[in-house]
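[1] Dropping the sequence and predicted coords here.
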Amino acid sequence: MEIDADFDILSFVEGDTHDMVIPGDPLDSIVSNVLSEHDIMDILGEEVLADANPSLNGPLGSKNHLCPVCRRPAGKHLYYGAQVCVSCRGFFRRSVQNNHQTIFQCIGDLNCVVDSTSRKSCKFCRYQKCLDAGMNPAYVLSAAERKVRILQRYRSKSGTTSILPKLKLQQDLAMTFTREEKMYYDNEFKSMIDLTYAKCLEFFVNRLDDFKSYHETLFLGIPLTPEKMKMMMRLDEVTITSYCLQLDDCYELSFHDRMTLIKNNFPALYGLTWAGYGQDSSAYEYYATFLEVIKGKASTDDKYRPLACLAEQLLPSCSAIETNLVDLNEILPPEILRQESKITELNQETRKVREWCNPSGSAIGPDNNIILIFYKIILFGTEFSDRLDDPAKCGAIQDKYLWQLHRYVKTQFGKKSYALLHETAMIPLSIKSISNVLEEAGK
């Protein structure tokens, strides 16, 4: 997916797509059977983005020409009378079509600097530079005129207009989270659970006291000590690291980048895990299944027999799973629980994350697809890009999953999707607050 460099990933997550060029994104027309101007332009490609005067559209031949407005590489054609970049072309067209140029006001002294980094700061001066470069408002067609012109231009080409509805359908499908993708994530979640069982077995096989403490924390609500908190974090570090390293996208990165991403993003991954599954009946059911897995493993390998004997003793206490759920926030070390303001903030942020990852309010727990996709968005975050071999590749992978989350939410939750995507933009702040408290609890 090629996106204009002006693309603001935060706006995209929130659902603001007005300034984006994304092939296959039907925008508002996804709910309409009528081809909009944007549909036709996206389907037919850049060649239809013509000025009103066809004579102004010939290629100029210069591949190194810079946009006279913002100094970014310009396109290969004249757009509305000047050889500008794609972004300034779109800015000029929208300004004229919406008549916004009449209300622009300068934020400075009518001579603001307009370049690739500041061009969004002052729309008045940017528009004036467009005019100075030779762009003519008279060449901008209205939306209706453009639609007629585009269809007339391509009507003469055999079969073009007849396939537009099919292309529009393909375009709508590109916005849909497919059944195959849903099956992929269902299988990935099952694989993650199996991997977690395997790593927990290896972790606890020679740590029987730790296993008993872990069980007592989950089911009896016995508060954690800092040492036990560290033990739980080590266990989750093992399982989360193992899951991350087996992701296909990780194999595209150097070993250094894989480990750097995991090391620096682990606190956020742990915070999401803690909040998403901290009071979830399905998590306890998985734990009860894990006790059965231990017994099955012991039947083929004697080294697991002591762990299986302990699991046999603990299994009856799982019978009250539905009525004795322990909220993990309530069993943090006493030193943390005594800090009322910190616990209040922790509970508030945890509640936000839990409601966000369970938008349907399901009694069976969070939406695992949301959590799995967001895991990847967190994992491939590059706030520490100076420590990575290939931050651009990591960022591209993260963008892929941001787009995937966008499609999943829009497909799954319809009208609720915009509010949910807006919440998504704020969730990293909640997760950071949670991970900060957990890190302190383990000290």
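    The structure has been received and is ready for your questions.
[2] From here on, just use CA atoms for contacts and neighbour counts.
    OK.
[3] Show the pLDDT at residue 388.
    At residue 388, the model reports a pLDDT of 91.
[4] Next up, the contacts around it.
    Residues counted as contacts of residue 388 (Cα atoms under 8 Å, 6 or more residues apart in numbering) are 256-257, 260.
[5] and whichever strand or helix holds residue 393, what's its mean pLDDT?
    When secondary structure is defined by DSSP states H and E, residue 393 falls within helix 391-413. For helix 391-413, mean pLDDT rounds to 89.
[6] Could you check how far the closest residue to residue 401 other than its chain neighbours is from residue 211?
    Nearest residue to residue 401 in three dimensions, chain neighbours excluded: residue 377, at 5.9 Å (Cα to Cα, 6 or more residues apart in numbering). As for residue 377, its distance to residue 211 is 31 Å (criterion: Cα to Cα, to the nearest Å).
[7] Residue 267 too?
    From residue 267 across to residue 211, the span is 23 Å (Cα to Cα).
[8] just to revisit the earlier point, show residues contacting the helix holding residue 393.
    Contacts with helix 391-413, where a contact means Cα under 8 Å, 6+ apart, come from 9, 13, 15, 175-177, 249, 253, 370, 373-374, 376-382, 385, 417-418, 420-421.
[9] Which members of the contacts of residue 388 are classed as buried?
    The neighbour count (16 or more other Cα atoms under 10 Å) marks 257, 260 as buried among the contacts of residue 388.
[10] Going by distance to residue 98, which of the contacts of residue 388 wins?
    Comparing the contacts of residue 388 against residue 98 with Cα to Cα places residue 257 closest, at 45.7 Å.
[11] What residues sit buried inside the helix or strand where the closest one lies?
    Here residue 257, judged by DSSP H and E, is contained in helix 255-277. Neighbour counts over helix 255-277 (16+ other Cα under 10 Å) mark 257-262, 265-277 as buried.
[12] got it, and stretch 223-241?
    Using 16+ other Cα under 10 Å as the test for burial, stretch 223-241 gives 223-226, 228-233, 235-237, 239-241.
[13] can you tell me which of those residues are in helices?
    Mapping the buried residues of stretch 223-241 onto helices (DSSP state H) picks out 226, 228-233, 235-237, 239-241.
[14] before we move on, back to that, pLDDT of the helix or strand following the helix holding residue 257, averaged?
    From helix 255-277 onward toward the C-terminus, using DSSP H and E, the following helix or strand is helix 281-298. Across helix 281-298, pLDDT averages out at 78.
[15] Could you do stretch 131-139 as well?
    According to the model, stretch 131-139 has a mean pLDDT of 89.
[16] Show me where the stretch 151-300 of the chain dips below the pLDDT cut-off.
    Scanning the stretch 151-300 of the chain for pLDDT under 70 picks out 151-174, 279-284.
[17] what sits up against stretch 125-143?
    By Cα under 8 Å, 6+ apart, the residues outside stretch 125-143 that reach it are 37, 51-53, 68-69, 79-82, 88, 92-93, 96-97, 101, 106, 110-112, 114, 119-120.
[18] Okay, buried residues for that stretch please.
    For stretch 125-143, using 16+ other Cα under 10 Å, the buried residues are 125-127, 129-131, 133-137, 139-141.
[19] Does residue 430 touch residue 350 like I think?
    Yes. Under the criterion of Cα atoms under 8 Å, residue 430 makes contact with residue 350 at 7.2 Å.
[20] who's more crowded, those two?
    Using other Cα atoms under 10 Å, the more surrounded residue of residue 430 and residue 350 is residue 350, with 24 against 21.
[21] Once you drop chain neighbours, what's closest to that one?
    The shortest distance from residue 350 to any non-neighbouring residue, by Cα to Cα, 6+ apart, is to residue 275 (5.2 Å).
[22] So the one you found versus residue 203, what's the distance?
    23 Å.
[23] what is the orientation angle of whichever strand or helix holds residue 312 with helix 281-298?
    Assessed by DSSP H and E, residue 312 sits inside helix 305-314. Relative orientation of helix 305-314 versus helix 281-298 (axes from the mean of the first three to the mean of the last three Cα atoms, to 10 degrees): 140 degrees.
[24] As CSV, could you dump the C-alpha coordinates of helix 305-314?
    Output in CSV follows, covering the C-alpha atoms of helix 305-314 (Å, rounded to 0.1, in the frame of the first residue of the first chain):
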residue,chain,number,x,y,z
ARG,A,305,5.5,-36.0,37.6
PRO,A,306,6.2,-33.7,40.6
LEU,A,307,4.5,-30.8,38.8
ALA,A,308,1.6,-33.0,37.9
CYS,A,309,1.1,-34.2,41.5
LEU,A,310,1.0,-30.6,42.6
ALA,A,311,-1.5,-29.7,39.8
GLU,A,312,-3.7,-32.6,40.9
GLN,A,313,-3.8,-31.1,44.4
LEU,A,314,-4.6,-27.6,43.0
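[25] If you count neighbours, what's buried in the helix or strand just after that helix?
    Once helix 305-314 ends, the next helix or strand along the chain (criterion: DSSP H and E) is helix 334-337. By 16+ other Cα under 10 Å, the buried positions in helix 334-337 come out as 336-337.
[26] And the helix or strand following helix 334-337, what does it pack against?
    Where DSSP H and E defines the elements, the next helix or strand beyond helix 334-337 is helix 340-356. Where contact means 3 or more Cα pairs under 8 Å, 6 or more residues apart in numbering; DSSP states H and E, helix 340-356 is packed against helix 255-277, helix 334-337, helix 417-441.
[27] could I get those helices as JSON lines with distance to residue 395?
    As requested, the helices and strands packed on helix 340-356 are arranged in JSON lines below (distance: least, Cα to Cα, whole Å):
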{"stretch": "helix 255-277", "distance to residue 395": "11"}
{"stretch": "helix 334-337", "distance to residue 395": "36"}
{"stretch": "helix 417-441", "distance to residue 395": "16"}
